[in-house]
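Q: Return atomic coordinates for the entry below.
(chains A and B)
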Amino acid sequence: MRLSATSEAPAVVTRFAPSPTGFLHIGGARTALFNWLFARRHGGKFLLRIEDTDRARSTQEAIDAILEGMRWLGLDWDGHEYYQSQFWARHAEVARELLERGHAYRCYMSAEALKAGREKAQAERRPYRVESPWRERTDWPGDSGYVVRLKAPREGETVIEDRVQGRVVVKNAELDDMVLLRSDGTPTYMLAVVVDDHDMGVTHVIRGDDHLNNAFRQLGIIKAMGWPEPVYAHVPLIHGADGAKMSKRHGATGVMDYDALGYLPEALSNYLLRLGWGHGDDEIIGREEAVRWFDLDAVGRAPSRFDLKKLDNLNGHYLREADDGRLAGLAAPRVAGLIGRDLTSEEIALLARAMPELKPRARNLNELAESATFLFRARPLDMDEKAGQLLIGDAPRLLARIYAVLSVLDEWTALATEAAVRGVADTAGVKLGLVAQPLRAALTGRATSPGIFDVLVLLGREESLARIADRMEG
RNA sequence: GGCCCCAUCGUCUAGCGGUCCAGGACGUCGCCCUUUCACGGCGAAAACACGGGUUCGAUUCCCGUUGGGGUCACCA
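A: You can find the predicted model right below:
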């Protein structure tokens, strides 16, 4: 019982508690983000706890993947990460205390008996609740072959004032005596979360909606132990386009999948934040503003569907806003993968110089990389189909005339090359497009590219003229 | 099926009894800009699930229906 305001404990302690059975899921990333924002907003602490209670399914690779995802999103946690498995002794101790105080009991029911009861209930189409004959007994037949169950109250009701879901009430008769300690003595998740959250001083439990039902059971342990109840906030899950809980069949579900797809962490972060939360008409919300504005009360109660198109749009925005050098660094390995060799530092510098022309045209880093390959491909350039079409007919002749005027230019600038090329179009009596398109094909091997005069400058005089010569008449 | 949650344009949302014949964003469709593709600018179509109440007045409050979702382990 803490009555003084001079306590050293922060007023807000949140945590993210993933189980390491896979990568960082997009939904998990959002709850992590909300926890992080809430803690930062209130000057509190954000803790990370790996729920590796299920040792068979927990792997180091998964732990690393989750940490990687957190770092990628810029969600730093306070202190070291906690591992639930390290606290088994403490969990067992709490179970023992509950046992001693009569809030829990040893249940010797066999797995078969449990199963039979469940099946019987199923057949009779009535709800199943464990009715252990051991609930009120203390004549324990032995020191093995039992589980420890919470002796949950049967009367009355349990109320949660959820910061997102509002007041939720469940009749205690609906809750059953959950297992606290398995027959091998290991703690169950239900026990472990509650004990760890308490021991870590967690004040606000912000997590997925799918845990709302668990909260009532967990409250049973908290009350039995006489611990302070945390503030709960159960945020709705993220759904796929079909309205069902987001899963593999909806496409990419891992945070790092989005990295691979060419999304920027700040774009994904902004998108996730706006999914189920809003601040007026604001759409583009950076970290700083997010910390300033985030509020649990504004989190919606309805699940929201993941919309890749909107993410694309946001990503395009952040791409355009991003530093050219940073983008060149991010795009370089992707370009290398496309052209089959690494880029030199000079080429990476060229990539950075091309960025102002490249980035407004891309929605993600992969598109960006693809659009940059023309800068680095060896002559003679391979043409894609549309580019090939642009080089038939009058094109070789026009290219020869372009070559003629460009090769004598004093100054190799966008302005100068434009004047020269326009001159060719005028003399030939054709629209600029008729000249520019074959030129584009010759220079880039594609029918689309950045502005053709910028391309000329980026490529430089020598390379440009050589590429034109490759395709012109004569 | 029991229990719990939810319900505004296709999608994300604003709205917290009258300012709403409902605002923004994405997407879609036009137009403009233009050497291509983008970017950018302008504009259009597009929603309060339904039925009862409460109220002078409901998108906003209550109940029900329908529809969606979550959850029911010695998994987490």
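
Q: What residues of the strand or helix carrying residue A:366 count as buried?
A: Applying DSSP states H and E as the criterion places residue A:366 in helix A:365-372. For helix A:365-372, the neighbour count (16 or more other Cβ atoms under 10 Å) marks A:365, A:366, A:367, A:368, A:369, A:370, A:371, A:372 as buried. All C-beta spots, glycine's among them, are computed from the backbone N, C-alpha and C.

Q: again, but for stretch A:24-36
A: By 16+ other Cβ under 10 Å, the buried positions in stretch A:24-36 come out as A:24-36.

Q: who touches the closest residue to residue A:77 other than its chain neighbours in this structure?
A: Nearest non-adjacent residue to residue A:77, counting by Cβ to Cβ, 6 or more residues apart in numbering: residue A:48, 3.8 Å away. Residue A:48 sits next to A:15, A:16, A:17, A:70, A:77, A:81, A:82 when contact means Cβ atoms under 8 Å, 6 or more residues apart in numbering.

Q: Tell me how many other residues crowd the last one.
A: The number of residues packed around residue A:82, counting by other Cβ atoms under 10 Å, is 19.

Q: mind pulling up the phi and psi values for the nearest residue to it once chain neighbours are set aside?
A: In space, not counting the residues next to it along the chain, residue A:82 is nearest to residue A:49; the distance is 4.1 Å by Cβ to Cβ, 6+ apart. With angles defined as degrees, to the nearest 10, residue A:49 sits at phi -130, psi 120.

Q: pLDDT score assigned to residue A:253?
A: Model confidence at residue A:253, given as pLDDT, is 87.

Q: Surely it is in contact with residue A:247?
A: Yes: Residue A:253 is within contact range of residue A:247, at 6.5 Å (criterion: Cβ atoms under 8 Å).

Q: neighbour-wise, which of the two wins?
A: Between residue A:253 and residue A:247, counting by other Cβ under 10 Å, residue A:253 is the more crowded of the two (22 against 12).

Q: low-scoring stretches of chain A, by residue?
A: Scanning chain A for pLDDT under 70 picks out the ranges A:1-9, A:122-127.

Q: let's see it at 90
A: A:1-10, A:21-22, A:52-59, A:109-145, A:154, A:173-176, A:241-253, A:473-474 (pLDDT under 90).

Q: quick one: the strands in chain A?
A: Using DSSP state E, the strands of chain A run over residues A:13-16, A:45-50, A:82-83, A:104-107, A:147-150, A:157-162, A:166-171, A:179-181, A:204-208, A:231-235, A:238-239, A:304-305.

Q: Looking at those strands, which one is packed in the most?
A: strand A:13-16 (a mean of 26; mean count of other Cβ atoms under 10 Å).

Q: Who does it pair with, and is each partner parallel or antiparallel?
A: Here strand A:13-16 is paired, per DSSP bridges, with strand A:45-50 (parallel).

Q: is the strand it pairs with anywhere near RNA strand B?
A: No: figure legend: strand A:45-50 not in contact with RNA strand B (Cβ under 7 Å from any atom of the strand); closest approach 8.7 Å.

Q: Only alpha carbons, please: show that strand as CSV.
A: C-alpha atoms of strand A:45-50 as CSV (Å, rounded to 0.1, in the frame of the first residue of the first chain):
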residue,chain,number,x,y,z
LYS,A,45,9.4,3.3,-18.2
PHE,A,46,8.9,0.9,-21.0
LEU,A,47,10.1,-2.6,-20.2
LEU,A,48,10.6,-5.6,-22.4
ARG,A,49,10.0,-9.1,-21.2
ILE,A,50,10.4,-12.2,-23.3
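
Q: I appreciate the help and will end here.
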